[in-house]
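Visitor: Give me a model of this one.
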Amino acid sequence: YNTDILKVGFASLNGRYIGNIFEIIAVHVSWLRWLSYGLISMDIIWMIMHITRCKAWTSYYLLAFSLMSILPSAIYADTYGWFAGFYNYATSTLSSLFIIYY
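Guide: From the prediction side, this is the model:
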């Protein structure tokens with residue numbers, strides 16, 4: 001994506017505005033992309049632990065990391081390996097968890 005898409009107000013896109021804005025920024029600023037990948041992923045785990053009132057934080061972080069490491073390549077390619085997929089799916093997952101928690 002380039003910034004011309006902002007001039008037409010996302011008219012040709014699919015309605016996932018927050019994900020598309022994050023994607024545009026991430027394509028142009030690589031350090032922010034990797035930082036946001038890490039923070040959003042950790043926040044999803046953090047929100048799940050708070051919703052379930054988990055006490056064994058370290059164990060669940062290690063479990064989550066292990067499960068992410070054995071993801072099938074097709075699923076990985078559609079989320080973490082694809083900017084649009086990650087920013088559309090992960091941000092909406094995090095938003096949904098935030099709504100459930102609060």
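
Visitor: Show me the shaky parts of this protein.
Guide: Across the chain, the ranges flagged by pLDDT under 70 are 1-15.

Visitor: CA atoms only: put stretch 92-102 into CSV for me.
Guide: Presented in CSV, the C-alpha positions along stretch 92-102 are these (Å, rounded to 0.1, in the frame of the first residue of the first chain):
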residue,chain,number,x,y,z
SER,A,92,-9.8,-7.4,16.0
THR,A,93,-9.0,-10.4,18.3
LEU,A,94,-7.4,-8.0,20.8
SER,A,95,-10.3,-5.6,20.5
SER,A,96,-12.8,-8.4,21.1
LEU,A,97,-10.9,-9.6,24.2
PHE,A,98,-10.8,-6.0,25.5
ILE,A,99,-14.6,-5.7,25.2
ILE,A,100,-15.1,-9.1,26.9
TYR,A,101,-12.7,-8.2,29.8
TYR,A,102,-14.2,-4.7,30.4
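
Visitor: What residues sit buried inside that stretch?
Guide: With burial defined by 16 or more other CB atoms under 10 Å, the residues of stretch 92-102 counted as buried are 93-94, 97. To be clear about C-beta, it is placed using only N, CA and C from the backbone, and glycine gets the same treatment.

Visitor: contacts for stretch 71-86?
Guide: If you take CB atoms under 8 Å, 6 or more residues apart in numbering as the criterion, stretch 71-86 is touched by 19-20, 23, 26-27, 33, 37, 40, 68, 89-90.

Visitor: With secondary structure as extra columns, can I get those in JSON lines?
Guide: JSON lines is the format used below for those (DSSP: H, G, I helix; E, B strand; the rest coil):
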{"residue": "19", "secondary structure": "helix"}
{"residue": "20", "secondary structure": "helix"}
{"residue": "23", "secondary structure": "helix"}
{"residue": "26", "secondary structure": "helix"}
{"residue": "27", "secondary structure": "helix"}
{"residue": "33", "secondary structure": "helix"}
{"residue": "37", "secondary structure": "helix"}
{"residue": "40", "secondary structure": "helix"}
{"residue": "68", "secondary structure": "helix"}
{"residue": "89", "secondary structure": "helix"}
{"residue": "90", "secondary structure": "helix"}
